[in-house]
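K.L.:
Got a predicted model here, sequence first, then my questions.
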Amino acid sequence: MTPKELSRAAYRIFVGAIPPNLAIRSQEDQEDYGVDYEVELTTNQDEATGYIFKIQQKGAHTLRRMNDGKTVILEKFPIAKLTYYLRELRIPILLVAVEISSRTVFWCQLQGNPGVESAYANALRRGRQTISLHICASNALPQTFDDFMIAVRQSSDWLLVTGMIDTPTHNFTAAALRGDKLDDAVSRVRDHLDSLKCEQLELLIQNKKRKEALDQARLLLESKTETPAIRIAAGINITRIAGSAEAEAGEPADSGQYLRFRIAMMLRLLRIVRTTPTPRRLRLYVRCMLRSARLAFFVNRATALSMSLRIQKQTGNDFTRHITEAQRQPLTRLLLRELRLCANLVGVAIEDSCCEVVPQLWAYAVNDIANYVLELREVASDEAAARLESWLDYRTAISVEIAALLKNWNDLILCSLAYMRTANPRDVLHRNRRFATAVSFLKRIADRDMREKSLATLDEYKHGLEEVLKRSPTIDDDVSMYRELAASLGVNLADPNDEIAQIINIGLRDLNPERVVKKCRYFYVSIGVSGVPAQMIGLPTAGSKFLHCTRHNFTMMGYSLDDIYGWFESQHCSKCRDCEPLPPDWSWTLEWQEEQDKIHKSFANRKYQL
């Protein structure tokens, strides 16, 4: 086919792939400098809207593919034309590549496309005259027309941003004054500036530049000249950074210390909105965030007490169990009260037409109550958990609907992930049902890239949960569980002056006695008497322990296994000719310990005789 024949065939295929509400005006016979069509969106009544963009069409009999057919290559595209589109043209333009053989129309966003910008910059550095443009093969018309129009809008927005950056300040000011738009311009620029500062913080956090993010957030929070909106955002991000720092330090993300910090920060934000003129939606937002933080604190304590109660029932510790039950009941009432108040504030936001804050607020509340729902299944009944879950789900569905109507996809994702948090990990059917519903939520996202990424994240979460359930618990899992339990009960394990924390830390260290036991095959460790700290969290090694030499019938009691061995080694092992270390690759296991307990019952009973 000749170039003209290719062009005509491509035009017919392209026109047949777009809806009739696009008015197409050919510019091939005009001085268009490389633009084939001008397109205008029309109404259902065939009226012009003024929404105009450009199309550059390239036709080929067959286009080369790569990445298993996922990418289409448009080869030998002139750099001069791309420079015109990216740097000089001030109206949105999309590239259309038509493959005649398959009658397929592929499209590619040019302006504001990071991939195109990167390839263009690379070609300029190398002095190239042409470039190969990579187009996603799934970008085909008419199937992805909605995404096509989103790309047009993104190009338009990109041009606005670059235009504002390139416009000298005095020209921008003069234009605002001429059109009597100064007040509106000041207000909108302030809004955009707030949004940009929030995005700067978000990028620093995502790139793990925690110190820079924390410094910037603190400056914004302390500044009296910043708007309440940006100071609130800074405070929220400070709590996020603190939470991620706790996690990296090996501390539970919902530790009592972190939750107290979160409550303190919300109280500070509450003082800001009470002492400075603040939109009502932000006042509601802060009040609800404070309630949610308090809810998380009560849930954390109640969950810890529930876990303790289960351990105490299993060990037959009736005295401590009655004390735990007496503490748990009023705490449960407090957390349910906070949840109800959270729900009430969300309802007020809906009634006051502050719906934009509802999805995020409810997602926080569901995340904060999720652990209680899971624990409720263990200590109460599935029926009680199901009733609470149903109540939460009803409001989550409303929040998802609001996010979808407002096209607030980030909040819709938050609600969908929060919905999965209450999935019963031991019930495959329940877990799969919730996963299917969460998928249906995420499929409402119009932005295809965001939709696919969020679905992938949800799938990773589901598979991660399944892998955890398949994996047998390790000693490290037990240590993490006891650390979380201690922190939930208000024990600061990092406090060197806290005697209970010291006892629990010794118990955690001695939970795996491998470092001592492997020094000699005749060593046997048995558990002695457990004190209050051990009974609080059900940690058997947070009490007295016995080290026995089964070869020479020696026994030593103490609270730290390392201290016991130090004495044992100096008194007996250094002079013993029968000492026989276990192989270097030997590892202690709970199964091995249980076998030793059966073999050495007479030694284990010595705690009652000493």
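P.N.:
Arrived safely. Please read all numbers here as calculations on a predicted model, not as lab measurements.

K.L.:
Now for Leu455, how many residues are close by?
P.N.:
Leu455 sits with 17 neighbouring residues when counted by other CB atoms under 10 Å. To be clear about C-beta, it is placed using only N, CA and C from the backbone, and glycine gets the same treatment.

K.L.:
I'd guessed it sits against Ser440; true?
P.N.:
No: Leu455 lies out of contact with Ser440 (CB atoms under 8 Å); the separation is 10.8 Å.

K.L.:
quick one: Ala23 and Ala494, what's the gap?
P.N.:
Distance, Ala23 to Ala494, using CB to CB, to the nearest Å: 68 Å.

K.L.:
Same check on Ala176?
P.N.:
Separation of Ala176 from Ala494 (CB to CB): 55 Å.

K.L.:
Who has more neighbours out of the two?
P.N.:
With neighbours defined as other CB under 10 Å, Ala176 and Ala494 compare such that Ala176 has more, 16 against 12.

K.L.:
that's a strand at the more buried one, yeah?
P.N.:
No: judged by DSSP: H, G, I helix; E, B strand; the rest coil, Ala176 forms no part of a strand; its state is helix.

K.L.:
Quick check: it vs Leu159, distance?
P.N.:
19 Å.

K.L.:
can you check Ser454 too?
P.N.:
28 Å.

K.L.:
Those two: who's more crowded?
P.N.:
The residue with more neighbours, out of Ser454 and Leu159, is Ser454; 24 against 17, by other CB under 10 Å.

K.L.:
I'd assumed Ile445 was in contact with that one.
P.N.:
Yes: Ser454 lies in contact with Ile445 (CB under 8 Å); the separation is 6.5 Å.

K.L.:
so what's in contact with those two at the same time?
P.N.:
Residues touching both Ser454 and Ile445 (CB atoms under 8 Å, 6 or more residues apart in numbering): 409, 413.

K.L.:
now Glu569: how far from Phe554?
P.N.:
Distance, Glu569 to Phe554, by CB to CB: 11 Å.

K.L.:
isn't Phe77 right next to Gln129, touching?
P.N.:
No: using CB under 8 Å, Phe77 is not in contact with Gln129; the gap is 10.3 Å.

K.L.:
and Leu95, that's in a strand?
P.N.:
Yes: under three-state DSSP, Leu95 sits within a strand.

K.L.:
and it, what is it in contact with?
P.N.:
Contacts for Leu95 (CB under 8 Å, 6+ apart) come out as 55-56, 58, 74, 85, 107-110, 133, 135.

K.L.:
now do Leu361
P.N.:
Going by CB under 8 Å, 6+ apart, the list of residues near Leu361 reads 285, 288-289, 292, 342, 345-346, 349.

K.L.:
wait, is Gln57 part of a helix?
P.N.:
No: read with three-state DSSP, Gln57 is strand and lies in no helix.

K.L.:
what about it, neighbour count?
P.N.:
Counted with other CB under 10 Å, residues neighbouring Gln57 total 20.

K.L.:
returning to what we had before: closest one of the contacts of Leu361 to Asp597?
P.N.:
Of all the contacts of Leu361, the one sitting nearest Asp597 is Ser292; the distance, using CB to CB, is 46.2 Å.

K.L.:
so where's the protein shaky on pLDDT?
P.N.:
28-33, 246-256, 310-321, 379-381, 468-473, 488-489, 532, 536, 606-610 (pLDDT under 70).

K.L.:
Could you list the buried residues of the helix of greatest length in it?
P.N.:
When the chain is parsed with DSSP state H, its longest helix is helix 280-315. Buried residues in helix 280-315, counted by 16 or more other CB atoms under 10 Å: 281-312.

K.L.:
and what of stretch 138-145?
P.N.:
Neighbour count says stretch 138-145 has 139-141, 144 buried, by 16+ other CB under 10 Å.

K.L.:
likewise stretch 192-206?
P.N.:
For stretch 192-206, a neighbour-count test (16+ other CB under 10 Å) marks 194, 197-198, 201, 204-205 as buried.

K.L.:
what's the closest of those to Asp183?
P.N.:
The shortest approach to Asp183 among the buried residues of stretch 192-206 belongs to Asp194, at 17.0 Å (CB to CB).

K.L.:
That closest one is in contact with Ile232, isn't it?
P.N.:
No: Asp194 sits out of contact with Ile232 when judged by CB under 8 Å, with a separation of 10.1 Å.

K.L.:
check contacts around the residue nearest to Asp36 when sequence neighbours are not counted.
P.N.:
Once flanking residues are discounted, Asp36 sits nearest to Gln57: 4.5 Å by CB to CB, 6 or more residues apart in numbering. Listed by CB under 8 Å, 6+ apart, the contact set of Gln57 reads 7, 10-11, 14, 36-37, 96-98.

K.L.:
Can you tell me how far Gln57 is from Leu284?
P.N.:
Distance, Gln57 to Leu284, by CB to CB: 51 Å.

K.L.:
same deal with Pro425?
P.N.:
Pro425 is 34 Å from Leu284, by CB to CB.

K.L.:
go on, Arg210?
P.N.:
Arg210 is 30 Å from Leu284, by CB to CB.

K.L.:
tell me which residues in stretch 122-142 are buried?
P.N.:
The neighbour-count check on stretch 122-142 (16+ other CB under 10 Å) flags 123, 131, 133-137, 139-141 as buried.

K.L.:
What is the nearest of those to Glu460?
P.N.:
Scanning the buried residues of stretch 122-142 for proximity to Glu460, where the rule is CB to CB, the winner is Cys136, at 21.9 Å.

K.L.:
Surely that closest one touches Leu74?
P.N.:
No: the pair Cys136 and Leu74 fails to qualify as a contact (CB under 8 Å) at a distance of 11.9 Å.

K.L.:
Need the residues touching each of these two.
P.N.:
With CB under 8 Å, 6+ apart, Cys136 and Leu74 have common neighbours Cys108.

K.L.:
host element of Asp68?
P.N.:
Assigned by DSSP states H and E, Asp68 falls within no helix or strand.

K.L.:
secondary structure class for the nearest residue to Glu580 once chain neighbours are set aside?
P.N.:
In space, and not counting its chain neighbours, Glu580 is closest to Arg521: 4.9 Å by CB to CB, 6+ apart. Put simply, Arg521 is coil when judged by three-state DSSP.

K.L.:
and Arg521, how many residues sit next to it?
P.N.:
For Arg521, the neighbour count with other CB under 10 Å is 16.

K.L.:
Now do the contacts for it.
P.N.:
The contact partners of Arg521, taken as CB under 8 Å, 6+ apart, are 580-582.

K.L.:
Distance from the chain centre to the longest helix of the chain, please.
P.N.:
Chain-centre distance of helix 280-315: 20 Å, with CA atoms, centre = their mean, to the nearest Å.
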